[in-house]
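Visitor: Let me see the structure of the following:
(one chain, ligands or ions: 2)
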Amino acid sequence: SNKSETVFVTGGAGFIGSALVRYLIRETDHTVINVDKLTYAGHLESLEPITDSDRYHFVQGDICDKEEIQRLFDEYQPDTVIHLAAESHVDRSIDGSAEFIRTNIVGTHNLLELAKDYYESLEGERKEIFRFLHVSTDEVYGELGNEGFFKETTSYDPRSPYSASKASSDHLARAWFHTYDFPVLITNCSNNYGPYQFPEKLIPVVILKALQGEDIPVYGDGTNVRDWLYVDDHARALFKVAQEGEIGETYNIGGHNEKQNIEVVKEICSILDELRPKATGHYEDQITFVTDRPGHDFRYAIDASKIEEELGWKPEETFESGIKKTVQWYLDNIDWCEAVTENNYSLERLGTA
Ligand code: NAD
Ligand code: TDX
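Guide: Ligands and ions are numbered 1, 2, ... in the order given. Model (predicted):
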C-alpha cells in the first residue's frame, strides 16, 4: 500500500532492527515506533542517522512487559508489527540460556497475545491491512552436510539453546495463525553481516582483533560453512514480506553466498592488508585455530527461490562488494565500536531518553 502507515518494530536498536528502521525512515513515508530494551546488544548510536526524523519514535521497553506493550499498542495503533527483539548470539546461549528462554519464547508469546487482542479490537480497513511479521533464522532447520539447501518445508531440527528458543517462537507464531486467524508471516534468514554488527559475531570480531594485533580466533578447523547476506538486503526483504507476503506463509531469505569460515577470515585479512597495511607481515599471521563451539552446526545454505519468485526480491549486494564496504565501515567507525562496548553508556548523551 502507498498510504502512510505506522510500523511497530521490536529490537530496532540491534544490528538488523536498526538497519530496518534506517531503511523505513529513509525509503518509505511510514512512521516507526522502535521498542527496544537496550540490552548489551541494543545501541541508540546505530540510529543516529535517522534520530532527527519526526516519523521516528523510540521507547525503551521489554517485550515481556504486559502493561507496557499493551499501552504502546493502544497509544500508537500500529498497522504492522515487525518482531526482531531477541537474544541472538549462539555462544552466549551455550554459556547461559535463561535470557534466551525469557525473551525469545516468553517475550514472543507475550507479544503475540497482546498483538492478537489489539488486532481483534480493530475494525474495517485497519483490521484488513494489519500484519505481524515474526523474524527468525535458518538455524531452526539444524545443520546440512556438504549437499542440499534449507527450504520452507525443511523439518525443524534446532541444535543450540539459541536455535531451540527461536524454533519454539516460530511454532508459537504459526500456531497463532492457525488457531486464532491472527495474520502472521514468518521469515527465516541466513547469517547477516554489515555495518553496526555488535563485535561478538564472526565478521566484526575478525576485523577488530586484526586491527588490535590480537589472535583472530577460528573455531575448530574453519571449514564450517555459513551463507552470508548483507544486512540491508535483509531489511528490504523484511519490508517486502510485511507488505506483500501472503498471510500464514513462511519465506526463507538468503544471499547464495556460501563460504567456509576460514575463507571469510582470509578475505577480511587481505582487504585489511590493502586498506591498512601492517608495518611488517600480514593479518593472516594472526589467525589462530581455537577449541570448537559445542554442537557447532556444520553448514547452513538457504534456498531463497520462494521469495525471489513470489515477491520478486533478490539480493543487491555481492559478498565481495559487501565485505569490502563492511571492513571500510569498521575502519571509519571505530568510535561506534568503542561506544557500544563501553559500560557507562548513557542515554542522555543522545537526548532520546
Ligand atoms: P541483536 O542481538 O543485534 O539485537 C537484538 C535487539 O533486541 C537488541 O537491540 C536488544 O536490546 C533487543 N532486545 C533483547 N531482548 C529484548 C527484550 N526482552 N525486549 C525488547 N528488546 C529486546 O540481534 P540481530 O542480529 O539484529 O537479530 C535480530 C533478529 O533477527 C533476531 O530475532 C535474530 O534471531 C534474527 N536473525 C538474526 C540473524 C543474524 O545473522 N544476526 C540472522 C537471521 C535472523
Ligand atoms: O570468534 C569466532 N570464531 C569463529 O570461528 C566467532 C564469534 C564465530 N566463529 C564461527 C562460528 C560460526 O561457524 O563463525 C561462524 C559464524 O559465527 P557467529 O557470527 O557467531 O554466527 P552464527 O553462530 O552462525 O549465528 C548467526 O547467524 C544466524 C547469528 O548470530 C544468529 O543470530 C543468526 O540467527
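Visitor: all contacts plus neighbour counts: C-alpha atoms, from now on.
Guide: Noted.
Visitor: Can you give me the pLDDT of Leu350?
Guide: pLDDT for Leu350: 40.
Visitor: Repeat that for Tyr141.
Guide: 98.
Visitor: what's the nearest residue to it if we skip its chain neighbours?
Guide: Computed as CA to CA, 6 or more residues apart in numbering, the closest residue to Tyr141 that is not its neighbour in sequence is Tyr156, at 4.5 Å.
Visitor: Isn't that neighbour up against Gly142?
Guide: Yes - the criterion here is CA atoms under 8 Å, and Tyr156 meets it with Gly142 at 6.8 Å.
Visitor: Distance check, the residue nearest to Tyr141 against Thr326.
Guide: Remark: distance between Tyr156 and Thr326 (CA to CA, to the nearest Å) = 32 Å.
Visitor: between the two, which one's more packed in?
Guide: Between Tyr156 and Thr326, counted using other CA atoms under 10 Å, the more crowded position is Thr326 (21 against 18).
Visitor: check contacts around the more buried one.
Guide: Contacts for Thr326 (CA atoms under 8 Å, 6 or more residues apart in numbering) come out as 193-195.
Visitor: Include pLDDT, distance to ligand 1 and neighbour count when you put the residues you listed into a markdown table, please.
Guide: Rendered in a markdown table, the data for the contacts of Thr326 read as follows (pLDDT from 0 to 100; distance: CA to the nearest ligand atom, whole Å; neighbours: other CA atoms under 10 Å):
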| residue | pLDDT | distance to ligand 1 | neighbour count |
| --- | --- | --- | --- |
| Tyr193 | 98 | 7 | 23 |
| Gly194 | 98 | 10 | 23 |
| Pro195 | 98 | 11 | 22 |
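Visitor: Let me know whether my guess that the residue nearest to Tyr141 is in a helix holds.
Guide: No - assessed by DSSP: H, G, I helix; E, B strand; the rest coil, Tyr156 does not belong to a helix; its assignment is coil.
Visitor: Buried ones in the helix or strand harbouring Val327, by neighbour count?
Guide: Assigned by DSSP states H and E, Val327 belongs to helix 319-332. Neighbour-count burial for helix 319-332 flags 319, 322-324, 326-328, 330-331 (criterion: 16 or more other CA atoms under 10 Å).
Visitor: And stretch 108-117, by the same measure?
Guide: Applying 16+ other CA under 10 Å to stretch 108-117 flags 108-116 as buried.
Visitor: Who are the contact partners of Arg102?
Guide: Cys64.
Visitor: And it, how close does it get to Gly42?
Guide: Distance from Arg102 to Gly42, by CA to CA: 17 Å.
Visitor: got it, and Trp176?
Guide: Taking CA to CA, one finds Trp176 at 28 Å from Gly42.
Visitor: One more: Asp36?
Guide: Relative to Gly42, and taking CA to CA, Asp36 is found at 7 Å.
Visitor: do the same with Glu152
Guide: From Glu152 to Gly42 the distance is 29 Å (CA to CA).
Visitor: same thing with Arg236?
Guide: Counting by CA to CA, the gap from Arg236 to Gly42 is 21 Å.
Visitor: do the same with Thr153
Guide: 32 Å.
Visitor: So between those two, which is more surrounded?
Guide: Remark: of Thr153 and Gly42, Gly42 carries more neighbours, 20 against 9, as counted by other CA under 10 Å.
Visitor: List phi and psi for that one.
Guide: Torsion angles at Gly42 (phi, psi; degrees, to the nearest 10) stand at phi -110, psi 130.
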